[in-house]
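Peer 1: got a structure for you, letters missing:
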């Protein structure tokens with residue numbers, strides 16, 4: 001598609017939308033300090049969308065709501081509820097609770113078939129629709145799965161008008177790693193679906209990473225770098241999340257300009273979609289990442305080598321106090337504006353996971369980073385990740401913290417946390433990272449969420465100003481997503497047991513005693529894990545690199561069961577008893593498949609110690625019996641995951657190949673996608689950095705072609721060792737996994753088989769063991 005065609009489509013999509021749609025998080029003027037040199041971006045393509053500047057308002061508070069075009073919300077509603085959208089009237093007027101502009105709010109009322117939702121933004125209108133579906137209609141639109149097929153033809157009346165106001169102004173979503181682990185090669189339509197779901201659940205700030213490489217590529221050419229140098233420096237999409245975090249560069253490349261321009265177009269459409277709903281597109285800010293050789297191109301610049309990150313050479317850091325920093329930051333923000341428009345919120349985490357400061361004054365450098373942001377976007381909010389020791393006291397001392405929001409990635413992981421003391425009263429959002437690497441695991445520390453959100457928000461001098469939904473990959477845990485986002489909207493304490501009971505009822509379209517019993521087992525087990533060391537559940541030994549002493553697949557994940565395994569087995573038994581009339585929904589199918597998968601995965605931790613015992617006893621017959629049962633478990637695992645579209649390797653690989661312009665480029669992007677799931681990076685990363693299998697997941701295709709083959713090779717070696725009386729041969733597992741990552745074998749993109757029949761078979765097999 002030509003620039004002309006693309007930009008004409010932008011005009012059609014945006015020209016009718018009034019400026020009030022850009023009622024975002026409005027902030028005050030920038031503080032004084034060093035000012036970046038002025039920079040004029042090269043002319044944008046004809047007709048490119050340049051949004052108006054946001055209307056100034058109090059820091060961290062939305063401007064008073066005004067009339068706005070409800071068309072984007074109406075279009076989203078028609079996508080979400082195609083059979084029932086015409087029974088809703090959306091009114092662009094703030095309910096009384098939001099009239100002061102202090103909080104987003106919605107009101108829901110109406111008779112049967114005529115439901116009225118009033119809201120302060122387009123997104124909040126959708127949040128009101130979501131509330132109605134949950135609390136009145138008893139239906140679920142989950143992430144993933146829904147129960148919409150059981151909605152009556154005429155929607156039920158609202159018993160009494162209801163108004164809800166957001167308890168916190170910031171409802172942030174998406175980890176810096178989401179684009180990598182959830183799908184770096186997704187289409188715009190897939191991203192738009194994600195936005196619709198986030199709005200339905202009350203989110204108002206969304207990180208937009210897609211296409212973030214293009215402003216770097218365009219700006220740095222004005223500092224002496226050739227296009228070829230930059231295309232080799234920028235990694236392929238699957239690894240770009242960590243490049244933006246200043247952890248690595250170049251892996252999986254070189255990228256093409258066609259790829260970057262296409263991703264930037266999707267990123268711009270995502271940002272426009274968010275603005276249309278009154279949500280804030282959170283864009284990556286600039287804090288000093290540069291390619292090799294910057295100081296030779298700009299003499300007088302101080303550049304600090306950043307050393308190693310998990311076996312990768314980190315990109316260099318340009319000292320923000322160097323004269324060239326302000327100029328480069330201005331160039332970057334100008335290019336970003338031409339491509340994506342403006343925002344009022346930007347993500348930056350300097351020195352993430354072990355960056356080196358050298359002789360740089362971190363306090364002054366942080367002030368310079370914020371000054372450069374405010375020179376380009378006056379008053380914009382800097383969102384920084386609360387992770388490990390970040391943000392440091394030195395960084396916080398150098399900035400205006402009223403223009404900062406800490407996204408706390410450890411809120412539900414550790415104990416004895418005092419965020420007001422640790423961060424000097426800087427505003428923060430309570431967050432959760434219940435998923436790492438996109439693992440297919442059930443559970444979360446939900447009771448910790450409920451206790452801490454209420455306690456931290458009500459404590460004297462609380463600086464809690466939001467929630468931050470930060471799993472490393474999304475779309476794996478519908479219950480966790482629903483409950484965490486409810487924190488920001490439920491006016492009273494949430495009773496965990498009652499919440500899960502209501503969730504079970506709406507998840508499958510109506511109350512069912514077996515569904516309620518299943519979710520009660522899951523609540524008591526994987527959804528009631530405690531804080532102290534972990535925020536995620538354990539992964540599967542079926543996906544682990546083979547060893548008789550394996551205790552987990554990912555090096556950085558729990559090494560033992562975090563809840564009683566029988567809770568998931570009992571939940572599976574109950575799900576199989578759900579009324580047959582409720583089994584047709586995508587929600588039921590996903591939950592049944594996921595629960596059966598988890599029950600099998602947990603059983604791997606029972607089988608492996610038995611296999612070890614047989615080997616150490618030199619009992620070859622027993623070893624063969626047990627390894628045969630292991631292989632049978634893997635075959636059942638492949639069949640159950642192959643019956644649902646959310647567990648297919650083929651979709652992941654086909655998306656990657658779809659971006660290639662020729663065979664070589666398609667193969668390159670497939671390697672990028674495969675390597676992330678297996679070796680993660682080069683040998684030094686996989687072995688020395690312990691990142692192999694970090695993104696393990698039980699997917700059909702991946703199970704048979706990598707995990708089962710790996711274990712089969714290992715068990716064959718054990719058998720040979722017992723037969724010959726010798727030690728097992730060593731296997732170069734990195735070479736084994738790298739060979740798999742280099743493959744281009746095709747895998748199905750469509751589910752097959754009967755999930756209920758396979759889940760029944762799994763339950764029976766587990767009963768007999």
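Peer 2: Looks like it arrived, so ask away. In this text the structure is predicted, and so the values were computed from the model without any measurement.

Peer 1: OK, contacts around the closest residue to residue 594 other than its chain neighbours?
Peer 2: Take residue 594 and drop its neighbours on the chain: the residue closest to it by Cβ to Cβ, 6 or more residues apart in numbering is residue 442, 6.3 Å away. No exception for glycine: its C-beta is placed from N, CA and C like everyone else's. The contact partners of residue 442, by Cβ atoms under 8 Å, 6 or more residues apart in numbering, come to 477, 522, 526-527, 537, 568, 594-595, 598.

Peer 1: let me know the closest of those to residue 80.
Peer 2: The closest of the contacts of residue 442 to residue 80 turns out to be residue 477 (Cβ to Cβ; 19.7 Å).

Peer 1: how many residues are close by that closest one?
Peer 2: Look at residue 477: counted by other Cβ atoms under 10 Å, it has 27 neighbours.

Peer 1: just for the chain, where's the confidence low?
Peer 2: Residues of the chain meeting the criterion pLDDT under 70: 1-66, 94-102.

Peer 1: what about the longest helix in it?
Peer 2: helix 586-616 (DSSP state H).

Peer 1: same for that helix, what does it pack against?
Peer 2: In this structure, helix 586-616 makes packing contacts with helix 478-486, helix 496-507, helix 566-575, helix 620-641, helix 709-724, helix 755-768, judged by 3 or more Cβ pairs under 8 Å, 6 or more residues apart in numbering; DSSP states H and E.

Peer 1: want to throw these into CSV with mean neighbour count and distance to residue 333?
Peer 2: Formatted as CSV, these follow (neighbours: other Cβ atoms under 10 Å; distance: least, Cβ to Cβ, whole Å):
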stretch, mean neighbour count, distance to residue 333
helix 478-486, 23, 31
helix 496-507, 19, 43
helix 566-575, 23, 49
helix 620-641, 19, 44
helix 709-724, 16, 47
helix 755-768, 17, 49
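
Peer 1: closest to residue 322 out of these?
Peer 2: helix 478-486 (41.0 Å).

Peer 1: what's that closest one packed up against?
Peer 2: helix 446-458, strand 464-469, helix 496-507, helix 586-616.

Peer 1: could you check the angle it makes with strand 464-469?
Peer 2: 160 degrees (axes from the mean of the first three to the mean of the last three Cα atoms, to 10 degrees).

Peer 1: and the angle from helix 478-486 to helix 496-507?
Peer 2: Using the same axes, to 10 degrees, helix 478-486 lies at 120 degrees relative to helix 496-507.

Peer 1: what's in contact with helix 478-486?
Peer 2: 140, 142-145, 171, 201-203, 432, 434, 443-444, 446, 449, 467, 469, 471, 474, 494, 499-500, 503, 507, 519, 522, 527, 587, 590-591.

Peer 1: buried subset of those residues?
Peer 2: Using 16 or more other Cβ atoms under 10 Å as the burial test, the contacts of helix 478-486 include 140, 142-145, 171, 201-203, 432, 434, 443-444, 446, 449, 467, 469, 471, 474, 499-500, 503, 507, 519, 522, 527, 587, 590-591 as buried.

Peer 1: residue 109 reaches residue 131, doesn't it?
Peer 2: No - Residue 109 is not in contact with residue 131 according to Cβ atoms under 8 Å; the separation is 11.8 Å.

Peer 1: so between these two, which is more surrounded?
Peer 2: When neighbours are counted by other Cβ under 10 Å, residue 131 comes out ahead of the other of residue 109 and residue 131, with 22 against 19.

Peer 1: ok so that one is a helix residue?
Peer 2: Yes - per DSSP: H, G, I helix; E, B strand; the rest coil, residue 131 lies within a helix segment.

Peer 1: and it, what does it touch?
Peer 2: Taking Cβ under 8 Å, 6+ apart as the test, what residue 131 contacts is 106, 108, 162, 164, 489.

Peer 1: kindly recompute the last result at 10 Å.
Peer 2: 106-108, 117, 162, 164, 200-202, 486, 489-490 (Cβ atoms under 10 Å, 6 or more residues apart in numbering).

Peer 1: among these, which ones are buried?
Peer 2: Of these, these count as buried by 16+ other Cβ under 10 Å: 106-108, 117, 162, 164, 200-202, 486, 489.

Peer 1: mind checking which of the residues you listed land in strands?
Peer 2: Under the assignment DSSP state E, the buried ones among the contacts of residue 131 contribute 106-108, 117, 162, 164 to strands.

Peer 1: tell me the one among those residues nearest to residue 417.
Peer 2: residue 164 (28.3 Å).

Peer 1: which non-adjacent residue is nearest that closest one?
Peer 2: Residue 164 sits nearest to residue 489 (Cβ to Cβ, 6+ apart), 5.4 Å away.

Peer 1: would you say residue 651 is within a strand?
Peer 2: No - read with three-state DSSP, residue 651 is helix and lies in no strand.

Peer 1: which ones are touching it?
Peer 2: 183, 645, 699, 701, 747-751.

Peer 1: with residue 505 instead?
Peer 2: 134, 138-140, 147, 511-512, 515-516, 519.

Peer 1: can we see that at 6 Å?
Peer 2: Neighbouring residues of residue 505 by Cβ atoms under 6 Å, 6 or more residues apart in numbering: residue 511.

Peer 1: ok, now residue 658?
Peer 2: Contacts of residue 658 (Cβ under 6 Å, 6+ apart): none.

Peer 1: residue 377 too?
Peer 2: Counted by Cβ under 6 Å, 6+ apart, residue 377 has zero contacts.

Peer 1: pop out the phi and psi values for it.
Peer 2: phi -140, psi 80 (degrees, to the nearest 10).

Peer 1: so how far is residue 551 from it?
Peer 2: 47 Å (Cβ to Cβ, to the nearest Å).

Peer 1: and which of the buried ones among the contacts of residue 131 is nearest residue 251?
Peer 2: Nearest member of the buried ones among the contacts of residue 131 to residue 251, counting by Cβ to Cβ, is residue 201, at 33.8 Å.

Peer 1: just give the nearest non-adjacent residue to that closest one, would you?
Peer 2: residue 485 (4.0 Å).

Peer 1: ditto for residue 548
Peer 2: Nearest to residue 548 is residue 612, by Cβ to Cβ, 6+ apart, at 4.1 Å.

Peer 1: cool, residue 183 as well?
Peer 2: Closest to residue 183 by Cβ to Cβ, 6+ apart is residue 655, at 6.4 Å.

Peer 1: quick check, the one you found in contact with residue 184.
Peer 2: No - counting by Cβ atoms under 6 Å, residue 655 does not reach residue 184; the two are 8.3 Å apart.

Peer 1: thinking again about what came up before, separation between the residue nearest to residue 201 and residue 743?
Peer 2: If you go by Cβ to Cβ, the gap between residue 485 and residue 743 works out to 39 Å.

Peer 1: over to residue 353?
Peer 2: 31 Å.

Peer 1: who has more neighbours, these two?
Peer 2: Taking neighbours as other Cβ under 10 Å, residue 353 and residue 743 compare with residue 353 leading, 17 against 14.

Peer 1: backbone phi and psi for the more buried one, please?
Peer 2: phi 50, psi 60.

Peer 1: and the gap between it and residue 387?
Peer 2: 8 Å.

Peer 1: now do the same contact list for residue 210.
Peer 2: When contacts are counted by Cβ under 6 Å, 6+ apart, residue 210 touches 263, 266-267.
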